[in-house]
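J.: Let me see the structure of the following:
(one chain, ligands or ions: 2)
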Amino acid sequence: MRAAVLHETGQETLEVLDDVEAVGFGPGKVRMRVRATGLCHSDLSAMSGVLPQPAPFVPGHEGAGEILDVGDGVTGLHQGDRVLMCWLPACGSCASCKRGQTHLCLAGFLNAGTPNFRRAGGEVFGFAGTGTFAEEVVVAANCAVPIPDDVPYEIAALIGCGVTTGLGAALNTARVEAGSSVAVIGCGGVGIATIQGARAGGAAQIIAVDPVAARREAALRFGATEALAPEEFADAKARITAGEGFDYVFEVVGKSATARTAYEMTRRGGTLCIVGAGALDDTFQVNMFELFFDEKRILPSLYGGADVLRSYERAIALWRAGRIDLEGMITHRVRLDEVNDAVDQMRTGTALRTCIEI
Ligand SMILES: [Zn+2]
Ligand SMILES: [Zn+2]
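T.: Ligands and ions are numbered 1, 2, ... in the order given. Below is the predicted model:
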């Protein structure tokens, strides 16, 4: 079957190959036919080496499709079921799951070191233990989450990562209050989902900050009340918050420099929420006096920061009610053969999400 493969970390383009086999099917596993997948910024970060990921690998972790085969012992899933891919599945029995923090469960993630694919040249990994830039992928049964019939594959794919991450940062982790002031630094797909979450939460002001004009324009369509270039941000803090700072600032870039800006833009006692996925060697610094004296809450948010299955259901409910716009987030569509176009669109900032039809 066909899949897009990155041969070595640091390479900029993928090769679409037709000699790839999805491996590992057996008890507790399902084989999934991928129908649609989004390109998430984390895929690019894995390609460049910012996020750790063994190579060669098939990128893609934001996908949806149908079940082809169900392994022994799998309950609740059947051939033909429409499902979305959950790249961070909960085992239900570890200490994190028992506390209700299923997004911190590592049981499924530890399988990410096992190759998901094979070709004549050798073993091929799947990004984050998934690898949805492929016609087929074998994953643990709890990675495949059934979706209602009215949710198209391309919408389900978005919910599988970017939308859940952004909405959850606003609604689960930061718990944006009605009437509050919010700033979001970084307005790609996850930043736009964060803006939509802040709007759903009732924020009065939502300031979008991004160096790319196309993303600033997009932010206004999805609920930002103002969209600014980074150099305009400090003036906006003075003008909008009387110099005090915003109630909530979301860092959706994954860099210490923008996290530091976000810290400074947060009011005393306000909340800095870190959503961007950053590098192991990039250190965020806060001095001990300001940490204590300004009492800013620093809240990291991983994959939406709460029970992932409940977050999926909430995203579907908000989408059905017309309270969030997911169709509008898909700015580009390509086929698997054109996957490198999707990579370029993400790198140049022209796409919020490119949907890859497989
Ligand atoms: Zn667990
Ligand atoms: Zn992602």
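J.: all contacts plus neighbour counts: C-alpha atoms, from now on.
T.: Noted.
J.: Up against ligand 2, what does the stretch 51-200 of the chain have?
T.: Contact residues, the stretch 51-200 of the chain versus ligand 2 (C-alpha under 5 Å from the ion): residue 161.
J.: Let's see that with 8 Å instead.
T.: Counting by C-alpha under 8 Å from the ion, the stretch 51-200 of the chain comes close to ligand 2 at 61, 62, 160, 161, 162, 165.
J.: Could you pull up the residues touching residue 159?
T.: 62, 312, 315 (C-alpha atoms under 8 Å, 6 or more residues apart in numbering).
J.: The same query, at a cut-off of 7 Å, please.
T.: Contact partners of residue 159, counting by C-alpha atoms under 7 Å, 6 or more residues apart in numbering, are residue 312.
J.: Please tell me the pLDDT value assigned to it.
T.: pLDDT for residue 159: 97.
J.: where do the helices sit along this protein?
T.: Remark: helices assigned in the chain by DSSP state H are 41-48, 95-98, 153-159, 162-168, 189-200, 213-221, 233-241, 256-265, 288-293, 308-320, 339-347.
J.: In this structure residue 145 contacts residue 81, no?
T.: No - look at residue 145 against residue 81 with C-alpha atoms under 7 Å: they stay out of range, at 9.3 Å.
J.: hmm, who's touching stretch 206-216?
T.: With C-alpha under 7 Å, 6+ apart as the test, stretch 206-216 has contacts from 181-188, 195, 219, 224-230, 349-350.
J.: Type out the ChimeraX command that picks the buried ones from those residues.
T.: To isolate the buried ones among those in ChimeraX, judged by 16 or more other C-alpha atoms under 10 Å, type:
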select :181,182,183,184,185,186,187,188,195,219,224,225,226,227,228,230,349,350
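J.: So which of the contacts of stretch 206-216 sit within strands?
T.: 181, 182, 183, 184, 185, 226, 227, 228 (DSSP state E).
J.: Give the bridge partners for the first one, please.
T.: The residues listed as beta-bridge partners of residue 181 by DSSP bridges are residue 205.
J.: how many other residues sit next to the one residue in the stretch 101-250 of the chain that gets nearest to ligand 2?
T.: The minimum distance from the stretch 101-250 of the chain to ligand 2, using C-alpha to the ion, falls at residue 161 (4.6 Å). Neighbourhood size, residue 161 [other C-alpha atoms under 10 Å]: 28.
J.: Equivalent analysis for residue 10, please.
T.: Residue 10: 15 neighbours (other C-alpha under 10 Å).
J.: That one and residue 49 touch, don't they?
T.: Yes - using C-alpha under 7 Å, residue 10 is in contact with residue 49, at 6.2 Å.
J.: still on that earlier bit, so which of the ones in strands among the contacts of stretch 206-216 would you say is closest to residue 200?
T.: Distance to residue 200, by C-alpha to C-alpha, is smallest for residue 182 among these, at 12.4 Å.
J.: Next, work out how far apart that closest one and ligand 1 are.
T.: From residue 182 across to ligand 1, the span is 32 Å (C-alpha to the ion, to the nearest Å).
J.: for residue 129, same thing?
T.: For residue 129, the distance to ligand 1 equals 16 Å [C-alpha to the ion].
J.: Just the pLDDT for that residue.
T.: 91.
J.: can you check residue 347 too?
T.: Residue 347 is given a pLDDT of 89.
J.: Thank you kindly, that will do.
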